[in-house]
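# Here is a sequence together with a model predicted from it:
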Amino acid sequence: MHDEGEATQDTTAPDQAPSASGLLDELGQLGRAVKRLFGAQLHLLAAELGLARSAVSWMLLAGLAATVAGVGLGLSVLALITLVLAHWFGSWFWAIAALCVLQVLFLLGAIFLFRRCMHWMSLPATRGEFGAMMRRSLPDTDAQHEHEREERT
């Protein structure tokens, strides 16, 4: 007497030697799975790139708004300083002239600082450190150039 469970086990048991069509089916399934996986990855990448593109636009807009607000704040502060100087000097002309002198001094200080930083970058010690850093980072390139020189001679 055979049980139904035994009968289904006998009919669903895998073959001892897989057929070529079974291998092709499995390879097809693997290919579809890889395609689905990479398709999902590409879809995710496209969505992230779209989001990044949108974020860049919003960042530029926010930067523009911050610049406009910063310029407005700077102008307001200059107006308040001018008002204080006008009360102190008793003349609008001298207040604006003093403010112009302060702005010129600030501009000259910024130019001096910039030039000093450029000078520090051009000092021999800095150039030597920069050259040593570049030589350390590109040792294979130097060896390759030496090898090419030897081959030419």
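Received the coordinates, thanks. Residues are numbered from 1 along each chain as shown.

# only C-alpha atoms for contact and neighbour calcs from this point on.
OK.

# okay, now residue 83: neighbour count?
17 (other Cα atoms under 10 Å).

# Report the separation between the spatially closest residue to it that is not a sequence neighbour and residue 45.
Using Cα to Cα, 6 or more residues apart in numbering and skipping the chain neighbours, the partner closest in space to residue 83 is residue 95 (7.6 Å). In this view, residue 95 and residue 45 are 59 Å apart by Cα to Cα, to the nearest Å.

# Of the two, give the one with the bigger neighbour count.
residue 95 (20 against 12).

# Flag every buried residue along whichever strand or helix holds the more buried one.
Assigned by DSSP states H and E, residue 95 belongs to helix 92-121. Buried residues in helix 92-121, counted by 16 or more other Cα atoms under 10 Å: 92, 95, 96, 98, 99.

# And it, what does it pack against?
helix 20-89 (3 or more Cα pairs under 8 Å, 6 or more residues apart in numbering; DSSP states H and E).

# Check which helices and strands the helix it packs on is in contact with.
If you count contacts as 3+ Cα pairs under 8 Å, 6+ apart, helix 20-89 packs onto helix 92-121.

# What are the contacting residues of the helix or strand that the helix it packs on is followed by?
Using DSSP H and E, the helix or strand that follows helix 92-121 in sequence is helix 124-137. Helix 124-137 is contacted from outside by 120, 121, using Cα atoms under 8 Å, 6 or more residues apart in numbering.

# what about 6 Å?
Contacts to helix 124-137, defined as Cα atoms under 6 Å, 6 or more residues apart in numbering, come from no residue at all.

# quick one: it to helix 92-121, angle?
50 degrees (axes from the mean of the first three to the mean of the last three Cα atoms, to 10 degrees).
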